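S.K.: Build the 3D model from these lines:
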Amino acid sequence: MNSEQEIESVVRGFETCKTSADDFKHKDHLVVAVWYVHNFGREAALERMREGLVRFLAYHQVDPKKYSEEITKFWIERIAERLDDTGDVSIVEKCNMVLAADKRGSVS
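M.R.: Down below sits the predicted model:
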């Protein structure tokens, strides 16, 4: 991610369902989760992510069984733990650290 505006664009696309289901990739899930944890904390992030994913699936007429509470909790927890270890860095740096760790397999 190159800027806070780029991150916010991903979040807005998700929240408004303007991003198509096919275009909302794993990376985008992580960016939204980082933004939520960063701005709202762990518990509120889980609520927002849950509500957002259910709304997103319904809007795009995707089988609601694709939503997994277990997986959503898992990722919010892993991201919150990762962000707890980052110190005082920008949201852009936090997103990039989580995305890089995910590529290495060290977020999960």
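
S.K.: Val31 is in what secondary structure piece?
M.R.: With secondary structure defined by DSSP states H and E, Val31 is part of helix 26-40.

S.K.: Just give the closest residue to Leu30, not the sequence neighbours.
M.R.: Nearest residue to Leu30, sequence neighbours excluded (Cβ to Cβ, 6 or more residues apart in numbering): Val98, at 5.6 Å. For glycine as for every other residue, the C-beta is placed from the backbone atoms N, C-alpha and C.

S.K.: average pLDDT for the very next helix or strand once past the helix holding Val31?
M.R.: Sequence order places helix 42-59 as the next helix or strand after helix 26-40, per DSSP H and E. Average pLDDT, helix 42-59: 98.

S.K.: Check which helices and strands helix 42-59 sits against.
M.R.: Using 3 or more Cβ pairs under 8 Å, 6 or more residues apart in numbering; DSSP states H and E, the elements in contact with helix 42-59 are helix 4-15, helix 26-40, helix 69-84.

S.K.: burial count for Arg48?
M.R.: Counted with other Cβ atoms under 10 Å, the neighbours of Arg48 add up to 20.

S.K.: Mind pulling up the pLDDT for the closest residue to it other than its chain neighbours?
M.R.: Closest residue to Arg48 apart from its sequence neighbours, by Cβ to Cβ, 6+ apart: Tyr36 at 5.1 Å. Note for Tyr36: predicted pLDDT of 98.
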